[in-house]
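Asker: Quick one, structure for this:
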Amino acid sequence: MPRKPHSDLNLADTMTVFTILGCPAAAGLAAASEKAGWSTMLFVVLGTAIGFAAGYVVQRLSYLLLATSASQSRTSLGWLFLFAYIILPMIVAFGALLTTAGITVWLARQIL
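Answerer: Sure, this is the predicted structure:
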């Protein structure tokens with residue numbers, strides 16, 4: 001029986017994908033709530049750019065914390081960095097979504 005290709009998705013990759021896909025969605029929802037009309041698509045494009053930038057930051061932070069937790073010789077420090085690996089990327093990802101929505105609302109009110 002042939003083996004299936006390795007297709008696991010760890011937390012770092014999950015939060016990266018969540019950020020990249022979530023920022024344009026947050027921008028679109030925020031623009032639609034401000035009744036931006038067809039210019040909502042411009043805000044979605046802006047949200048996509050923010051999403052890729054924030055996704056890069058989330059991925060770098062996640063893998064840095066994961067590598068640091070794996071290389072610790074003291075167990076207590078390893079657990080601390082592992083806990084940070086679980087919590088900090090989520091905080092950064094949700095912060096990116098909220099920031100994208102806030103920027104979109106502010107720009108929509110200023111421009112329209």
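Asker: in this protein, what spans have low per-residue confidence?
Answerer: Across the chain, residues meeting the criterion (pLDDT under 70) sit at 1-7.
Asker: what's the closest non-adjacent residue to Thr40?
Answerer: Ala31 (4.1 Å; CB to CB, 6 or more residues apart in numbering). Heads up, the C-betas are built off the backbone N, CA and C, glycines and all.
Asker: Also Ser62?
Answerer: Ser62 sits nearest to Ala12 (CB to CB, 6+ apart), 3.3 Å away.
Asker: Now name the helix or strand holding that neighbour.
Answerer: helix 11-33 (DSSP states H and E).
Asker: Just after that helix, pick out the following helix or strand.
Answerer: helix 40-70.
Asker: Name the residues of the following helix or strand past that next one that are buried.
Answerer: Counting by DSSP H and E, the next helix or strand C-terminal to helix 40-70 is helix 75-111. Buried positions in helix 75-111, judged by neighbour count with 16 or more other CB atoms under 10 Å: 81-82, 84-85, 88-89, 92-93, 96-97, 100-101, 103-105, 107-108.
Asker: likewise stretch 27-42?
Answerer: Buried, per 16+ other CB under 10 Å, within stretch 27-42: 27-31, 34, 36, 40, 42.
Asker: Likewise for stretch 59-73?
Answerer: 59, 61-63, 65-66, 68-69.
Asker: The most centrally placed residue in the chain: what's it in contact with?
Answerer: Closest to where the C-alpha atoms of the chain average out (CA atoms, centre = their mean) is Thr19, at 2.4 Å. The neighbourhood of Thr19, defined by CB atoms under 8 Å, 6 or more residues apart in numbering, consists of 51, 54-55, 58, 92-93, 96-97.
Asker: what two of the residues you listed have the greatest distance between them?
Answerer: Largest separation among these by CB to CB: Gly51 and Val92, giving 12.4 Å.
Asker: Identify the residues contacting Met90.
Answerer: By CB under 8 Å, 6+ apart, the neighbours of Met90 are Met15.
Asker: What's the separation between it and Gly51?
Answerer: Distance, Met90 to Gly51, using CB to CB, to the nearest Å: 16 Å.
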